[in-house]
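Participant: please work out how this folds:
(one chain, ligands or ions: 1)
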Amino acid sequence: MCGVVGYTGKKPAAPWLLDGLATLEYRGYDSAGIQVISPSGNLHGVKCAGRVATLRERCDSANPVGTCGIGHTRWATHGAPTDKNAHPHTDCSGRIAVVHNGIIENFQELKRELMAAGHTFKSETDTEVIAHLVEDAWAGPAKGDLVAALRNACDRLEGAWAIACVCADVPNQIVVTRKSSPLVVCSTDEGAYVASDVMPLASVASSVLQLQDNDFALLSEDGRVEITNREGEKVEHPETITIDWDASAATLGGYSDFMAKEISEQPEAIERLLTNRLGEHGIEMDELSMSKEELASIDRIYIIACGTSYHVGLIAKSLIEKWAKIPVSCEYASEFNYSDVLVTPHTMCVIITQSGETADTLTAARRMKGMGSTVFAITNVLGSSAARESDGTLYIQAGPEVAVASTKAYTAQMAASVLLALRLAFANGSMSREEVERRYHELEAIPGLIREVLARRWQPRQAAKLFRDKHSALFLGRGVNSTTAYEGALKLKEISYLHAEAYPAGEMKHGPIALLEPGFPVVAIVPADSVHDKTVSNIQESIARGAVVLAVATDGDEAVAKLCQDVLWIPPVENEMLVPLVAVVHLQMLARFVARARGLDVDKPRNLAKSVTVE
Ligand code: F6R
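Facilitator: Below you'll find the model as predicted:
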């Protein structure tokens with residue numbers, strides 16, 4: 001949720017800390033701050049509410065000088081997004097500073113105890129207790145050993161954390177640790193670095209070390225990184241992640257915003273995923289790490305995810321049930337964690353998570369594993385917790401997704417779900433090899449169709465005008481495209497702040513139709529498919545009540561063109577189950593154009609963060 005960075009070495013720390021934070025800003029952007037150890041051996045902190053750009057301006061005048069420092073970009077949990085609550089947080093002496101991602105669940109109790117012992121608190125955050133606990137340890141049992149001091153402090157904590165800590169008394173050291181929140185470190189000739197994920201490190205290293213829960217790493221100015229576990233024993237072979245994409249993949253590359261860039265990258269992302277997939281098992285998916293017999297015996301599947309990834313799950317459910325004939329439940333992770341589960345000896349759990357770090361999804365996966373289910377992850381982020389904790393992982397290989405609103409991961413995850421459904425269908429004999437190949441070739445055609453939609457971007461740009469001065473919109477679709485409606489509405493509301501509601505078109509008359517009044521915008525997904533005419537009837541019902549209908553329809557659909565105010569045209573898609581992959585692209589562009597027309601930052605919508613690491 002929050003982003004953590006740190007650097008100690010030969011170079012001035014502040015410029016890299018600020019660049020690193022800008023790269024991590026997708027994790028939260030309520031406030032930001034850095035703390036550098038100055039040449040005179042004191043902490044020099046600069047922090048403020050707002051974005052990293054504001055912090056940069058503050059740093060321009062405050063000029064924090066030093067070659068060792070830590071930084072943070074915040075998604076507020078405890079305490080409002082104010083200057084005072086911005087990290088880093090310091091102890092009473094002002095010589096120890098910490099940054100933290102996660103939640104300290106027992107902070108109230110610790111804070112009471114620390115205050116009773118004379119500590120003075122300056123913020124409302126849970127994080128500040130860590131600085132004071134380190135202060136006590138540093139003054140007592142761990143004097144001179146920052147790793148021991150942080151270990152001592154962590155022994156008192158409950159919850160989840162990724163922490164970086166500096167102390168002005170050991171001016172070239174950073175100590176970091178994690179529990180249930182990601183943290184990676186790397187060693188270079190110019191110094192040692194730490195970050196919440198690989199993105200800020202792609203410009204300085206080609207591989208990073210992944211810390212495990214309760215690992216502690218001591219970063220030294222000569223670039224050394226020493227990792228020990230909770231017991232203080234050296235970790236001999238830390239897991240290495242090779243950064244297999246160029247740092248430029250996380251830059252704008254000429255686009256005005258990351259959302260535009262990522263929408264346009266969808267065809268290539270799907271093509272990468274489809275490479276070398278056809279083979280003797282129908283679809284080759286070694287990532288499943290299951291034999292054909294094990295796959296054939298699966299009798300129940302739980303798909304668990306959140307947000308946009310949950311929408312992928314709904315489509316995956318339809319695909320698997322239709323093609324592989326296996327009953328599937330698709331669950332919101334946050335709800336699933338508190339509901340009853342029916343696990344058979346042959347139940348499979350599929351988690352879908354772009355970031356691989358969504359706390360609710362990870363909790364659900366652990367719960368399923370605990371009940372004996374095999375857990376398979378569909379994720380984008382290499383070495384993420386989802387990948388590390390699952391029995392098998394299919395990486396969608398979409399490249400870094402920076403914009404908070406998920407676009408390319410959505411379609412790539414959907415393509416991955418198509419492959420999974422085909423693999424299961426072939427394994428259990430529900431589909432012949434010929435049929436699998438046919439479906440695969442239909443999927444192979446999708447990137448070309450998405451390119452055609454992208455070339456029609458003028459259509460959603462023009463249609464965005466229909467939402468001028470509107471406060472609400474209703475999205476309708478049937479079958480697999482009810483999910484396209486859900487996703488279109490989610491995209492619109494999250495980046496344009498326009499209220500948008502989505503319903504299966506047939507449900508409209510059971511309540512939402514009461515919303516309709518003259519001029520009310522309705523977006524209807526009505527491709528040429530088996531439920532087309534039924535959806536047209538719902539469009540007519542909307543128009544009869546004065547709604548302004550924007551359709552997503554298949555080229556040549558004169559009937560829909562005549563009925564609706566405007567149409568976003570998609571080329572014909574051979575298999576109607578695959579229409580969502582193409583139709584959603586118009587809705588992604590529509591949301592972006594509406595948000596831009598409202599003067600909003602499409603990459604960093606208010607209150608949101610890309611990686612939701614709290615439950
Ligand atoms: C919406 C969006 C979120 C995420 C959700 C799950 O555009 O991005 O709804 O889909 O927070 O995130 P992951 O897929 O990382 O688990």
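
Participant: dump the residue contacts of the closest residue to the ligand within the stretch 251-400 of the chain.
Facilitator: Here the residue of the stretch 251-400 of the chain nearest the ligand is Gly307; by C-beta to the nearest ligand atom that distance is 1.9 Å. Backbone N, C-alpha and C define where each C-beta goes, glycine included. If you count contacts by C-beta atoms under 8 Å, 6 or more residues apart in numbering, Gly307 has them with Ser406, Leu490.

Participant: one more pass at 10 Å, please.
Facilitator: Listed by C-beta atoms under 10 Å, 6 or more residues apart in numbering, the contact set of Gly307 reads 332-333, 353-354, 358, 360-361, 405-406, 410, 487, 490, 494, 608, 612.

Participant: those residues also near the ligand: which ones?
Facilitator: Among the contacts of Gly307, the residues within reach of the ligand (C-beta under 6 Å from any ligand atom) are Thr353, Gln354, Thr358, Thr361, Ala405, Ser406, Leu490, Glu494, Val612.

Participant: drop anything exposed from the residues you listed.
Facilitator: Listed as buried from the ones next to the ligand among the contacts of Gly307 are Thr353, Gln354, Thr358, Thr361, Ala405, Ser406, Leu490, Glu494, Val612; burial here means 16 or more other C-beta atoms under 10 Å.

Participant: pLDDT and secondary structure for those residues - can I get that in JSON lines?
Facilitator: Formatted as JSON lines, these follow (pLDDT from 0 to 100; DSSP: H, G, I helix; E, B strand; the rest coil):
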{"residue": "Thr353", "pLDDT": "98", "secondary structure": "strand"}
{"residue": "Gln354", "pLDDT": "97", "secondary structure": "coil"}
{"residue": "Thr358", "pLDDT": "94", "secondary structure": "coil"}
{"residue": "Thr361", "pLDDT": "96", "secondary structure": "helix"}
{"residue": "Ala405", "pLDDT": "96", "secondary structure": "coil"}
{"residue": "Ser406", "pLDDT": "97", "secondary structure": "coil"}
{"residue": "Leu490", "pLDDT": "98", "secondary structure": "helix"}
{"residue": "Glu494", "pLDDT": "97", "secondary structure": "helix"}
{"residue": "Val612", "pLDDT": "80", "secondary structure": "coil"}
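
Participant: neighbours of Asp91, how many?
Facilitator: Number of residues near Asp91 (other C-beta atoms under 10 Å) recorded here: 24.

Participant: tell me who's in contact with it.
Facilitator: Here Asp91 is in contact with 43, 97-98, 114, 119-120, 128, 130-136, 138-139, 167 (criterion: C-beta under 10 Å, 6+ apart).

Participant: rerun that using 6 Å as the cut-off
Facilitator: Ala131, His132, Glu135 (C-beta atoms under 6 Å, 6 or more residues apart in numbering).

Participant: how about Ala162?
Facilitator: Neighbouring residues of Ala162 by C-beta under 6 Å, 6+ apart: Val4, Asn101, Arg178, Ser181, Leu183.

Participant: so which of the residues you listed is the most crowded?
Facilitator: Val4 (33 neighbours).

Participant: which residues does it bridge with?
Facilitator: His72 (DSSP bridges).

Participant: just give me the closest of the buried ones among the ones next to the ligand among the contacts of Gly307 to Lys47.
Facilitator: Set against Lys47, the nearest of these by C-beta to C-beta is Val612 (23.2 Å).

Participant: next, work out how far apart the closest one and Arg51 are.
Facilitator: From Val612 across to Arg51, the span is 19 Å (C-beta to C-beta, to the nearest Å).

Participant: same question, Phe520
Facilitator: Phe520 is 35 Å from Arg51, by C-beta to C-beta.

Participant: please apply the same query to Asp83.
Facilitator: For Asp83 relative to Arg51 (C-beta to C-beta), the value is 13 Å.
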